[in-house]
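In: everything below, folded, please.
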Amino acid sequence: MTQDELKTLVGQAALHYVPDGEIVGVGTGSTVNKFIEALATIKHRVKATVSSSVASTERLKALGFTVLDCNEVGELAVYIDGADEIDDHGYMVKGGGAALTREKIVAAQSRRFICIADESKLVSALGAFALPVEVIPMASRRIARQFAAMGGKATLRLDRLGKPLVTDNDQHILDVTGLRLTDPLAFETQVNQWPGVVTVGVFAQQKAQVCLLATAQGVKTLSFE
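Out: This next block holds a predicted model:
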């Protein structure tokens, strides 16, 4: 199967985790776009949605979904999103699509996080994928030096015009390479305390409860509950 076919397969499989008549948390990215397309086939069962990015909000509204702000709702039954990496504990690296802060907010508001990914995203230890960190611009160089002291190399993410990419929250992103995250929980706690860090793209506090993993043989379900 092609990558696109795998994403379609796992996006459709995620429908099994959408409860009737509930508000559904929806993530961001190419795999989630396939889930949104699948979700449109059962739109009548979905009360409303909460989105983790402007891009997903626009896609959902174009398909006729009601999209609510986090502050308009209480606890969400489920949040469905992709990952750049996921390990065998359900810990993830996210933020390749620059929506990590809002993704973490919606995940924290949800009872269950269902990760949808293809088998290439499953790793024994996090760190091969560049770690996204959303930062306040005035702190970016100092934060880069702090990562350098840990053995990492932080690079400011640029947009297609070669300018610093600006997130939906009007902040910048550092992509950090050279780190192997053997204790994701401790690492997330440490980096989130650095002044100027908005969010680090390690999802350990808000880990996945279930991962639907698309393979050439079908969708494999990994449970971390």
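In: make it CA atoms for all contacts and neighbour counts henceforth
Out: Noted.
In: what's the pLDDT at the residue most central in space within the chain?
Out: Taking C-alpha atoms, centre = their mean as the criterion, K94 is the residue nearest the geometric centre of the chain, at 4.5 Å. Per-residue pLDDT puts K94 at 98.
In: again with the one 3 residues further on
Out: Per-residue pLDDT puts G97 at 96.
In: list the contacts for it?
Out: 28-29 (C-alpha atoms under 8 Å, 6 or more residues apart in numbering).
In: how much space separates it from S140?
Out: When distance is defined by C-alpha to C-alpha, to the nearest Å, G97 is 19 Å away from S140.
In: which strand is the longest one in the chain?
Out: Identified as the longest strand of the chain according to DSSP state E is strand 110-118.
In: check which helices and strands the next helix or strand after that strand is in contact with.
Out: Going down the chain from strand 110-118, the next helix or strand is strand 131-135, by DSSP states H and E. Other helices and strands packing on strand 131-135, by 3 or more C-alpha pairs under 8 Å, 6 or more residues apart in numbering; DSSP states H and E, are helix 100-108, strand 172-177, strand 197-200.
In: what sits closest to V200 if chain neighbours are left out?
Out: V133 (4.4 Å; C-alpha to C-alpha, 6 or more residues apart in numbering).
In: wait, K220 sits on D118?
Out: No - between K220 and D118 no contact is recorded; they are 9.5 Å apart, counting by C-alpha atoms under 8 Å.
In: sorry, back to before: in JSON lines: the helices and strands packed on strand 131-135, plus mean pLDDT, distance to V46 and mean neighbour count.
Out: JSON lines is the format used below for these (pLDDT from 0 to 100; distance: least, C-alpha to C-alpha, whole Å; neighbours: other C-alpha atoms under 10 Å):
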{"stretch": "helix 100-108", "mean pLDDT": "98", "distance to V46": "17", "mean neighbour count": "23"}
{"stretch": "strand 172-177", "mean pLDDT": "98", "distance to V46": "33", "mean neighbour count": "24"}
{"stretch": "strand 197-200", "mean pLDDT": "98", "distance to V46": "30", "mean neighbour count": "23"}
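In: of all these, which lies closest to A14?
Out: helix 100-108 (15.8 Å; C-alpha to C-alpha).
In: how far does the closest one sit from the chain's center?
Out: Distance, stretch centre to chain centre, for helix 100-108: 7 Å (C-alpha atoms, centre = their mean, to the nearest Å).
In: got it, and stretch 166-185?
Out: On C-alpha atoms, centre = their mean, the centre of stretch 166-185 falls 12 Å from that of its chain.
In: now swap in stretch 2-11 and tell me
Out: 17 Å.
In: so which bits of that stretch are buried?
Out: Neighbour counts over stretch 2-11 (16 or more other C-alpha atoms under 10 Å) mark 6-11 as buried.
In: now what about that stretch, what contacts it?
Out: By C-alpha under 8 Å, 6+ apart, the residues outside stretch 2-11 that reach it are 30-32, 34-36, 38, 116-118, 212-216, 218-219.
In: those in helices, which ones?
Out: 30-32, 34-36, 38 (DSSP state H).
In: out of these, which are buried?
Out: 31-32, 34-36, 38.
In: just put these in JSON lines and tack on distance to L76 and pLDDT.
Out: Below are these laid out as JSON lines (distance: C-alpha to C-alpha, whole Å; pLDDT from 0 to 100):
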{"residue": "T31", "distance to L76": "21", "pLDDT": "96"}
{"residue": "V32", "distance to L76": "17", "pLDDT": "98"}
{"residue": "K34", "distance to L76": "21", "pLDDT": "98"}
{"residue": "F35", "distance to L76": "17", "pLDDT": "98"}
{"residue": "I36", "distance to L76": "17", "pLDDT": "98"}
{"residue": "A38", "distance to L76": "20", "pLDDT": "98"}
